[in-house]
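S.K.: Sequence and predicted model, in that order:
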Amino acid sequence: MNDNKIVIGIFENELYAIIAKRELREAGINANILKQVGGIFLPFVKRADGVPLMVPNTQAEEAKKILQTKFI
């Protein structure tokens, strides 16, 4: 099974990413927030580049559908 992860969405701040992650996990999708590497990351602070949410590429289509119905 291919378990490579892809970015499914970029959120304004970590709080929004956490909410989306919870929704996806409740649907059985293993979502993870991509933390900043090699630096300080302050939760709940707006980042200029946004907060990426990642899912396995095998679950990407299902995750997109869930996020579209919940967050658009």
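M.R.: Received it, and whenever you're ready, just let me know what you need.

S.K.: What separation is there between R22 and I29?
M.R.: The gap separating R22 from I29 is 11 Å, by C-beta to C-beta, to the nearest Å. Where you see a C-beta, it was placed from the backbone N, CA and C, and this is true even at glycine.

S.K.: The two: who's more crowded?
M.R.: Between R22 and I29, counting by other C-beta atoms under 10 Å, I29 is the more crowded of the two (19 against 11).

S.K.: And the helices in the chain?
M.R.: 14-26, 60-71 (DSSP state H).

S.K.: Figure out which of the ones you listed is closest to V51.
M.R.: Nearest of the helices of the chain to V51, taken as C-beta to C-beta: helix 14-26 at 4.2 Å.

S.K.: Distance from that closest one to the middle of the chain?
M.R.: Put simply, helix 14-26 sits 7 Å off its chain's centre (C-alpha atoms, centre = their mean, to the nearest Å).

S.K.: would you put the C-alpha positions of it in PDB?
M.R.: Backbone C-alpha positions of helix 14-26 (Å, rounded to 0.1, in the frame of the first residue of the first chain) are rendered in PDB as follows:
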ATOM      1  CA  GLU A  14      -3.300  26.100  13.400                       C
ATOM      2  CA  LEU A  15      -6.700  26.200  15.100                       C
ATOM      3  CA  TYR A  16      -8.500  25.800  11.700                       C
ATOM      4  CA  ALA A  17      -6.100  23.000  10.700                       C
ATOM      5  CA  ILE A  18      -6.900  21.200  14.000                       C
ATOM      6  CA  ILE A  19     -10.600  21.500  13.400                       C
ATOM      7  CA  ALA A  20     -10.200  20.100   9.900                       C
ATOM      8  CA  LYS A  21      -7.900  17.300  11.100                       C
ATOM      9  CA  ARG A  22     -10.500  16.300  13.700                       C
ATOM     10  CA  GLU A  23     -13.200  16.100  11.000                       C
ATOM     11  CA  LEU A  24     -11.100  14.000   8.800                       C
ATOM     12  CA  ARG A  25     -10.000  11.700  11.600                       C
ATOM     13  CA  GLU A  26     -13.700  11.200  12.600                       C
END
